[in-house]
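A.B. asks: what would the 3D arrangement of this be:
(2 chains)
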Amino acid sequence: MKKITFIISVLFFLVFGIESCNDDLDVKNYSALNPSDTWNDQVLANAYLTDLYSYLSGWPINDGGKADESDGIIANGYVQTTNSNFKYWPYTAIRKINILLDEIDGGSLPDDVRNKIKGQAYFLRAYHYFKTVVYHGGVPIIKKPQLLTDDLMVARNTTKECFDFILSDLENAIGVLPDKYTGDDFGRIDKATALAFKGRVLLFKASPQFNPSNPFGNTFWQEAYTAAKAAKDQLESWGYGLVSNYDDIFLTEKHKEVVFPIIYTNPGKLNSREAGIRPLSQSKNATGYDQPIWSLVSNFPMKDGKLPGKSSVYTYNLQTYWQSRDPRFYSTIAYNACVLPLGVSSDHRQYNDGIVGNIDDGFFQGETFERTGFYCRKGMDNSLKQAEVGLNALDWIEIRFAEVLMNFAEAANETGHPAEALEVLKKIRQRAGIDPGVDGMYGITATTKEQIRDAIHFENYIEFAFEGKRFWELRRLRLLHTSIDGTRKYGLLATLKAGLDPNAKVTYLPEDFDYAVQELFVKSAEKTMYTPESYYFFPISKDEMDKNANLKQNAGWDNGTFDPTLK
Amino acid sequence: MFNLYNYKRMKKKWINDEGPSRSLLKWLRVMKLTVLFLLTALIHVSASVYSQQTKLSISLQNASVKDVLRQIEDQSEFFFLYKNENIDVGRIVNVDIRNKSVEYLLDQVFKGTTVSYEIVNRQIVLVDKERGNPFPQSQQQQKSVSGKVTDSSGGTLPGVSVAVKGTANGTITDADGNYTFANIPGDAILIFSFVGMKSQEIKVDGKSVLNVTLKEETIGLEEVVAVGYGSQKKVSLTGAITSVNAAKIEAIPSSNLSNTLAGRAPGVTISSSSGFVGSSSDILIRGKGTYNNTNPLFVIDGVVRDKTDFDVLDPNEVDNVSFLKDAATASIYGSRAASGVVLVTTKKGKVQKPVFNYKSSFSMERPTQPLQSYTASEQIEYQNDVAETYGNPAPNNQEIIDYFKDKTYCLLDYIWRDPSSQQHNLSVNGGSENLTYYMMIGYNKSLGSFYNTDYSRYNFRSNVTAKINRYLSVGLNINGNQRVGNRFYWPYDDAESTTLQDFYRATFNWQKLWPFYVDKDGNPTSDRKNGYPVGVEGWHPVELVFNGGYRKAVYRTLNSIFRVDLKIPFIDGLSTSFLADYTSDDYNGKNFVKFNKQYEFQSASTTNPYLPAPVDLTKVSVMNLSRSYEGIDENASFGSSYQLNWFLNYDKTFGKHAVSGMVVYEKQGLTGKSFGGQANQLLSSNIDQIFASSASADKRWFDGSELESARASWIGRLHYEYADKYIAEFSGRYDGSYIFPEDTRWGFFPSGSVAWRISNESFFDVPVVSNLKIRGSIGSSGNDNVSAFQFQNNYVLGNSYAFGNGINTGIQAGTPPNPNITWEKSTNYNVGLDFGLFNNKLTGEFDYFYRYSYDILKERVRVIPGTYGANLSAENYAEMDVRGLEFSLNYNNNIGKLRYVVGGNIGWAKDKVLAIDEPAGMESWRSAIGHPIDRIWGYDDYGIIRTQAQLDAIPANFTQWGEKPTLGAIYYKDIRGANRSDGPDGNIDANDMTFLSDNAIPRVNYGINLEGEWKGITLSLLFQGVGAYDKILSTKDTPNGGVFQGGQRPYFEIWTNHWTPENPNAPYPRAATYSWNPYGIYGSRFWIRNGAYLRLKNVNLAYTLPRTWTQQLLIDKCQVYVNATNLFCISGFSETDPEQYMMDSYPIMRSFTAGLSINF
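C.D. replies: Below you'll find the model as predicted:
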């Protein structure tokens, strides 16, 4: 009996004695950090900032398909309030930035550290609001992290209020950021980035997209000119400039042309674009990114800067289209039978016909994939072997100094400084390797304001091909509905010349093929681009409208009444 | 009849007593048969005649005579027979003897009384001569008795055990049903027992011939079923439980227990969607009552485990599986019981001589529907049809057509085999009154349908209970398993996916035009060793399967349950128990990542690209499987969990009042840790070891995480019965969970239930109705299966980003907390009716239930504007209900020697959303409220445009995705315009999508079982089916319906019979490529089929060899059986098996098994 009593006691102790029950239920959450620690610790605060940077986008893959750089069709009905196409609603990032700006002052970080972090955060908030305004016009400005108990049914601010807010954030950033980050901090937002970005913001603000009734005579151009000039002068004084070799822009890193880089590094952050831009036969798991179409290829100037067919020095013929072009052509376009090492060998040639070359790479009637006859060479890392295509870690440059110059040139031309604009154009073409010509004008013939304006936009088309600018520039200039709407897309069909045997194991050169311009073999009904005037401001998603009765839709969409322009 | 207060059943009853020499012989046989089994743990106590040499040592002061007798019984195999009113056992005596005979002791105890004793074998009869002999016939009068045992139809019954009650004396009827006893007391009672028959006790009464007819046992009424934290007589149940006896599922070969249960329990939906090795089934009890996890709670031997632990149980170690469906039964599991509870009890030792069982089976499998098979000729014809659709020239000319007339290259010939599996079990079950044991080892190995895929499982269990004295018993149930899965390395399916969808869809319809290997001259060959692998696609599946990397996953679980049961000596009916469970499990998954290499296919002709030429050794194509380097991945996790229970039970009958009650305290917790790493750039593709990877730190990485959980609960139950007629029960659980904050983590979940056994009322006099009970329950339960810590304001790991030359770690604000978060709750109502007719030959149960779930946790993402800028924590606000009906019927009878059972069960359940966040501006037709969760969304349509007349009738401006409809396309219904505006707009696009059906999951589930037994032959059939189910054909690329078709990979079964001008009545639209919208890639009514089916889920035919044959081999029982699953299926769904997940996911299998079960 004693034994039994003893057993009962032991068991009772085992169950109840060891810990009291409520304590047992407080288990540790091993994946959490205490928020209040973050703002007292420099490392944690910077880690919080690091996450905010991750909302920046990298290489703008297939962006050229929206316009006249690469394949892909924006067809009628592409943009609707009920789908997600062309919607930008970055309030998740904005909330996180607001939390930082709201809470960091309550911590115990040294002023210097705190200000640098805040400066970067201000910039990032401006970056997101700017992108949102470009998409949709004025949006609700949220400056503080909202509580669920706050009135969440916010209304849209005007586009002007948004620009003012963006510019004030940029001023806040410029006020506290160091001139230039280097070394381990390279890639952070510094004053140079903010100044350059301000130039871009003000160029957009002055542009026809926001000023349809007064596209080029409005007073914002002067603002844009001042900011662009300040950016250009300041950056030059800090050592920024054009690299001498156009190829080096994206194939080398951390050079003087890099103003706002998104850094890729191996291991840790790799660039998935390489696999997609390569021909499938030398790639893996992806295909079809940024495939150049004929309108871009055919628009590259000749080596003397003149348009094909307009040069008196270099004759142009479709059958020898690859000869004597602007050197940027060879840096940008991988054409049929060109030398493209692709990690195979330094003299490896890429065939885009589907018969001599791999069936998966070719542009031809009956192709399996959607091809154009060209591949994009910009940013392609030819040192990587087929299996290593995932290892491309080349940095993306969101703003390079050439853009600072071109923005300056555009604003200068609109504000009565044509000489300054032409000077920039010449500089860009000189670096590109174009023959200066006897007049030293590098093929530039523009003299009037309108001609120079066109020359600048044309130069942007070539210089920044596949850099995600073309569609947004045509939209900024309200040129989509006249230049893109209703167009169709073409590639170049290469056929081995009659009498040559595709199975013979010999090296064929570009001149061994016949060429014909051919509309893309797009397999769906969507063959015609649809970019009407209503696309100058994209609608706000119906899902958001349904949730918040105080939001007004843009005019031109679902009977909307909101005017997204700067009246 | 004896009416003895202290009559005890035989303690060490061994029927068919054997001498030692015979045992030895048998042992040799055992060794031969088992080879592997370890028997050291078993103590084979050989019985011999119990001689008077037995010595006792007893020392008791001031003890009652009764205590002394008890001591004698505890120390020996003696037992006493006496009448309480006859012998004064309360008399106090002192005893102190050492190593003395029982006679010596008894002489001492009864010195000076008139009590005398008589010892017959182990039986001691006490008689007080003064009070008269209670046993009128003298024990000494020995008789011979013989007779014949028959069944009710007059057939003889061999193998019936016949025992003399109260003795160790017993025998078994021979092949003709005869038995004989040489010398037994004239007043002896014989016990006749046989499996499936009602045991009978018959007095010899001086007769020398005693023929007996045994009656079939009517199953059910006295059955005891497991309930939460205890067990209950079935007749006393007030709630809805369905039990499945393990004997029904033992013979079914399966690597997962859940696969054997479909169709066996009404209201329980068990669905499998794949037949790949290691795949399991989903279990859903009484419909979906929440947006969150709807898995039931799994409780194994009283311990909360998870679905995997349930699935890995060997069917042979399971005794019973019960589904607790309503509040009366499930609420006792409180905060985790909202979706029902699956209760498992495993086998325990019985007081019997050791019964060894060896069971072995071998299975072969085939897909239930033929795999896609088509020829190269069909493929090129299809390609030409696609070209015709687009107005392109036919890609395949007559030369090519002629070339393929006699050849086709079929991938599955290389990589597919017929899957097979084998199962072996060895167990022993036995024990004495003081120690019972059940031990088992089991092994299951399955070979997958692709080469280099297999799955194996080892199980063991040792369940030993020691009865230490009449108050205390202690048990230890140790069990464990190891599961090993091997397969080739393919990263595009989840590591342990059992639908293998990516690999399957990539290979099942692989093109037939190119050879897989060529010899050095370029001739196609099937020689994998010497040939050159060639191809035009990005990878070479044959090389991948045979010469690629691998993935090996090893899971191990060790579980031990220690249990102490203690009767409190002073209070009759009161007992306490203690249970301690500890489970540890670990997992290791290793990938050996090896690139896939092949040569580019070289063509020898410009007009026929399929004509092979010798390979160009410089043109190697490497598939990197999305990795930059060949390498090794290792992932591991370690977990351990515990559960402690303390029970206080009370169970007592006072006259007509029977009361039982229980209080339990329960505490649980687990800790887990997982980590994984990668080592890249191997020195050689042939070394699968980490040491052979790059030493550079940037080629290696490492990651890991930890977690912890804790729960505590108080549980109580009160059960009251009056006169076996009125039953009431109340239970409650006070539950605490770590998932929620301090203020809301404790909740109370009560339930109440009543039952009325009408058939026990005196006024109820319907002879046909042998049992009639109505019952009703109401109660609440909860669901805490949501992510923990949503109440905490945390910063958590964010996205990383690169500065300079290195990557920086980011942190971010976590989801804004919900400080009030707590469990989801359900109120459950159940009314039921149990009945038995014709002496319970026909039994049935009927239930109606209604479950109202509220406080369902859901993020209010659809009403909080996106400008808020954060994900939301779940809030307790959504509401749903589920209602349903269940009915089951079972009929047992016999025709002559044929015993048979016919049974059926059916369940219907449907859920409905009552409250969910919906934005104010949303169109009403999009509302989820008033509908079930699972609905089909897609386009409505008019079918295929088959004729020119039909095409002409379509308005001229009408377009589908901007394009004019064409012949052979599906003609969709235009119901809305751009931006989802009402009314047709002349164009079909995503705005025209709508809800097509509320029955996206089966609402009706049913099963029909037939069993028959005749002369040792048993046949059982289980039909299983579902109804009220709309299934939409879908593929991996079109998961919401519609069928992916591409020029390279048509889903050929479908597109061999497509619309062409010559075949306008074809069932499928025109041949096209992937992005061609109107030809079927979108989910639409066109692809919805009636998903109802009825299938023969299982057939089992077993034959027990006559004992006269097997006895020669010293085998007690030998059964051979054949079993088949999924033999046929009746369904309107023709494209695939109706249970198959998608068109291009792994098929459902049919299995054929042959097995053998031997008892010795």
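
A.B. asks: number of nearby residues for residue 273?
C.D. replies: Defaulting to chain A. A:Arg273 sits with 26 neighbouring residues when counted by other CB atoms under 10 Å in any protein chain shown. Quick note: C-beta positions are derived from backbone N, CA and C, even for glycine.

A.B. asks: oops, I was thinking of chain B
C.D. replies: When counting by other CB under 10 Å, one arrives at 18 neighbours for B:Ser273.

A.B. asks: neighbouring contacts of stretch B:920-933?
C.D. replies: By CB atoms under 8 Å, 6 or more residues apart in numbering or on different chains, the residues outside stretch B:920-933 that reach it are A:542, A:545-547, A:549, B:288, B:291, B:862-863, B:880, B:910-916, B:918, B:980, B:994-995, B:998-1001.

A.B. asks: and those residues, which are buried?
C.D. replies: A:542, A:545-547, B:288, B:291, B:863, B:880, B:910-913, B:916, B:918, B:980, B:994-995, B:998-1001 (16 or more other CB atoms under 10 Å in any protein chain shown).

A.B. asks: which residues does A:Asp247 contact?
C.D. replies: Residues near A:Asp247 by CB under 8 Å, 6+ apart: A:Ser331.

A.B. asks: now for B:Val474: which residues touch it?
C.D. replies: B:Thr465, B:Ala466, B:Ile468, B:Phe562, B:Arg563, B:Val564, B:Asp565.

A.B. asks: one more time with 10 Å
C.D. replies: Listed by CB atoms under 10 Å, 6 or more residues apart in numbering or on different chains, the contact set of B:Val474 reads A:Ile7, B:Val464, B:Thr465, B:Ala466, B:Lys467, B:Ile468, B:Phe562, B:Arg563, B:Val564, B:Asp565, B:Leu566, B:Phe578.

A.B. asks: show me those residues that map onto helices.
C.D. replies: For the contacts of B:Val474, the ones inside helices are A:Ile7, with DSSP state H as the criterion.

A.B. asks: filter the contacts of B:Val474 to the buried ones?
C.D. replies: For those, a neighbour count by 16+ other CB under 10 Å gives the buried set as A:Ile7, B:Val464, B:Thr465, B:Lys467, B:Arg563, B:Val564, B:Asp565, B:Leu566, B:Phe578.

A.B. asks: flag the shaky bits of chain A, pLDDT-wise.
C.D. replies: A:1, A:17-23, A:523-525 (pLDDT under 70).

A.B. asks: start and end of stretch B:1053-1061, how far apart?
C.D. replies: In terms of CA to CA, to the nearest Å, the two terminal residues of stretch B:1053-1061 are separated by 20 Å.

A.B. asks: buried residues in it?
C.D. replies: By neighbour count with 16+ other CB under 10 Å, stretch B:1053-1061 contains the buried residues B:Glu1053, B:Ile1054, B:Trp1055, B:Thr1056, B:His1058, B:Trp1059.

A.B. asks: likewise stretch B:447-467?
C.D. replies: For stretch B:447-467, burial by neighbour count (16+ other CB under 10 Å) applies to B:447-465, B:467.

A.B. asks: return the subset of these lying in helices.
C.D. replies: Filtering the buried residues of stretch B:447-467 for helices - DSSP H - leaves nothing at all.

A.B. asks: burial count for A:Asp248?
C.D. replies: Burial of A:Asp248 is recorded as 13 neighbouring residues (other CB under 10 Å).
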